[in-house]
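below is the structure, and that's it, no one-letter string:
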């Protein structure tokens, strides 16, 4: 059998819906046995955006103080997140080419498509929006305007991670504060989540060793180390919790030794319940004292992937790994004021942690060598047709015109992440009782789209209306058409549903899923229902 025929046969086998034993037997009959057992995790391709590209924004000044074009499309490898619909992703650049310029903070909407062969990742910018605070003032990357005491009016922002909320908004975690804020699709800050005071910067932006200080002269100093804020951010699958992780240990957690060098291994994870504002904290143990965390992404209610790498930041980086962690048995350390540098005390348990991907594995070839030194973003995309999960890793090019922004695409076998759950989307929904058809009530159901929720990407066949009583159920596939219901120039999905009986409830729950498998669940008010 020729090499081409072998590859085609293997591709057919991988996509076959047949049972595993039958597939294995068929594969073994056609190919060498080693080819019949695909790897759990495979790098299938990479994409890139030129470092000199423009994002199309018209900004003042047009050229930053260091000579960098203000519209440079760079730095967005810092944070990336799947919107849950189609092939749309959001991403955020950090504070700009340095913290010394008037760089206008922004976020991007991308279309990222994996070609059928899986070898190429096409990245296309769809939209760019600048960010503003609750007062409407633009956020800038200039560290000198950072004011930790003026939370609401603070204008300095160093975004490091981005996640969609599922409600048409997104969250950003910041390195300066550190802060966690929710923004609308236009880029305006809606609210700032309450972060415990122990995380707050004692002295603001800067670097370790500023002012000639060392740990012996910093007794009682608490909070994040300079440039080591909330580097990673996750949202629970049901959208009810935000989970943030620090880049490095806090000062009070024995972060530095007597020589002002990294010493502590115990990094804090912060969980915030969005309904109650209650928080919990867990310990993530770094593999080495010079390592830091760059990202966290949810794979379940209590399981996450964490990206950890060393701090060399060059092509010689020796450590860049993704770990799978579980917080189920971890101790809530909210009440522990100081964590030891090394061994945790009795009764204190860190999160369970095991290696998932070594980004510098030789089997990833030249692609693996190109990115891990600045790997910073992590997100799941839509599943492949054969059921494998798409995992994207983005790399920060630091706004360097000669360095492309790289995105690595991995295919992950489902059994490698048995607890994997997609994030639930919670769009705005309007339902009106319109009349009766053959004695049965008819409803007009409108799923309202937004810049971060393309209602046309909803699988109409999956739409159902579930209430507390059987009378409020529709088991027939609704008749749906794309429309612009509210005149906002965003596509909505309007469906006609026929109920079995006249509903007598004022509340209901709409369930559905997107064409790419993200669940939709939204509580709605029924208009005109008696």
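That came in fine, so what should we check first? What you are looking at is a predicted structure, and each value in this text was computed from that prediction instead of being measured.

number of nearby residues for residue 277?
9 (other CB atoms under 10 Å). For glycine as for every other residue, the C-beta is placed from the backbone atoms N, C-alpha and C.

how about it, what does it touch?
When contacts are counted by CB atoms under 8 Å, 6 or more residues apart in numbering, residue 277 touches 193, 194.

and it, that's in a strand?
No - applying DSSP: H, G, I helix; E, B strand; the rest coil, one finds residue 277 to be coil, outside a strand.

for residue 167, see how far away it is.
17 Å (CB to CB, to the nearest Å).

for residue 354, same thing?
33 Å.

neighbour count winner among the two?
Higher neighbour count among residue 354 and residue 167: residue 167, with 17 against 8, using other CB under 10 Å.

I'd say the more buried one and residue 426 touch.
Yes - counting by CB atoms under 8 Å, residue 167 touches residue 426, with 5.0 Å between them.

any common contacting residues for those two?
Applying CB under 8 Å, 6+ apart, one finds that residue 167 and residue 426 are jointly contacted by residue 239.

can you give me the strands for the stretch 301-450 of the chain?
Using DSSP state E, counting those that start in this stretch, the strands found in the stretch 301-450 of the chain span residues 303-310, 320-326, 352-358, 375-380, 389-395, 405-412, 429-437, 440-447.

mind putting the ones you listed into a markdown table with mean pLDDT and distance to residue 264?
A markdown table is the format used below for the strands of the stretch 301-450 of the chain (pLDDT from 0 to 100; distance: least, CB to CB, whole Å):
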| stretch | mean pLDDT | distance to residue 264 |
| --- | --- | --- |
| strand 303-310 | 96 | 14 |
| strand 320-326 | 96 | 18 |
| strand 352-358 | 96 | 16 |
| strand 375-380 | 96 | 22 |
| strand 389-395 | 95 | 26 |
| strand 405-412 | 94 | 30 |
| strand 429-437 | 83 | 47 |
| strand 440-447 | 85 | 48 |
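
closest to residue 154 out of those?
strand 375-380 (23.2 Å; CB to CB).

by how many degrees do that closest one and strand 405-412 diverge?
40 degrees (axes from the mean of the first three to the mean of the last three CA atoms, to 10 degrees).

what is the distance between strand 375-380 and the centre of its chain?
Its chain's C-alpha centre and that of strand 375-380 lie 7 Å apart, by CA atoms, centre = their mean, to the nearest Å.

partner strands of that strand, with direction?
strand 389-395 (antiparallel) (DSSP bridges).

show residues contacting the partner strand.
76-80, 82, 89, 91, 112, 114, 305, 307, 322, 359, 370-384, 405-412, 414, 417, 420.

so where's the stretch 401-530 of the chain shaky on pLDDT?
The model of the stretch 401-530 of the chain has pLDDT under 70 over residues 467-477, 500-507, 525-530.

from residue 237, how far out is residue 294?
On the measure of CB to CB, residue 294 and residue 237 end up 22 Å apart.

which of the contacts of strand 389-395 are buried?
76-80, 82, 89, 91, 112, 114, 305, 307, 322, 359, 370-384, 405-412, 417, 420 (16 or more other CB atoms under 10 Å).

would you map out the domains in the chain?
Annotated domains of the chain cover 3-36, 41-416, 429-527 [automatic domain parsing].

most neighbours per residue, which of these?
Highest mean neighbour count among the domains of the chain (mean count of other CB atoms under 10 Å): domain 41-416, with a mean of 19.

and that one, how far apart are its ends?
8 Å (CA to CA, to the nearest Å).

in the sheet, who's paired with residue 519?
Going by DSSP bridges, residue 519 forms beta bridges with residue 513.

was I right to think it contacts residue 513?
Yes - with contact defined as CB under 8 Å, residue 519 and residue 513 form a contacting pair (5.2 Å).

and for the two, which residues touch both?
Joint contacts of residue 519 and residue 513 (CB under 8 Å, 6+ apart) do not exist.

what's near enough to touch residue 435?
Residue 435 neighbours (CB under 8 Å, 6+ apart): 441, 442.

actually, residue 479.
495, 496.

what pairs with it across the strands?
Residue 479 has these beta-bridge partners by DSSP bridges: residue 496.

coming back round to it: do you know which of the strands of the stretch 301-450 of the chain lies nearest residue 159?
strand 375-380 (11.2 Å).

got the angle between the closest one and strand 320-326?
Going by the same axes, to 10 degrees, strand 375-380 makes 40 degrees with strand 320-326.

hmm, who's touching strand 375-380?
Applying CB under 8 Å, 6+ apart, the external contacts of strand 375-380 come out as 77-82, 89, 91, 160-161, 231-232, 294-297, 299, 305, 307, 309, 320, 322, 359, 389-396, 408, 420, 422.

now do that strand against strand 303-310, angle only.
Using the same axes, to 10 degrees: strand 375-380 against strand 303-310 is 170 degrees.

pLDDT score for residue 373?
pLDDT for residue 373: 74.

I figured it hits residue 320, correct?
Yes - at 7.1 Å, residue 373 counts as touching residue 320 under the criterion of CB under 8 Å.

shared neighbours, the two?
Contacts common to residue 373 and residue 320, judged by CB under 8 Å, 6+ apart, are residue 309.

quick check: nearest residue in space to residue 50, chain neighbours excluded?
Excluding its sequence neighbours, the residue lying closest to residue 50 (CB to CB, 6 or more residues apart in numbering) is residue 404, at 5.6 Å.

same question for residue 378.
Per CB to CB, 6+ apart, closest to residue 378 is residue 295, 4.1 Å.

how far away is that neighbour from residue 410?
14 Å.
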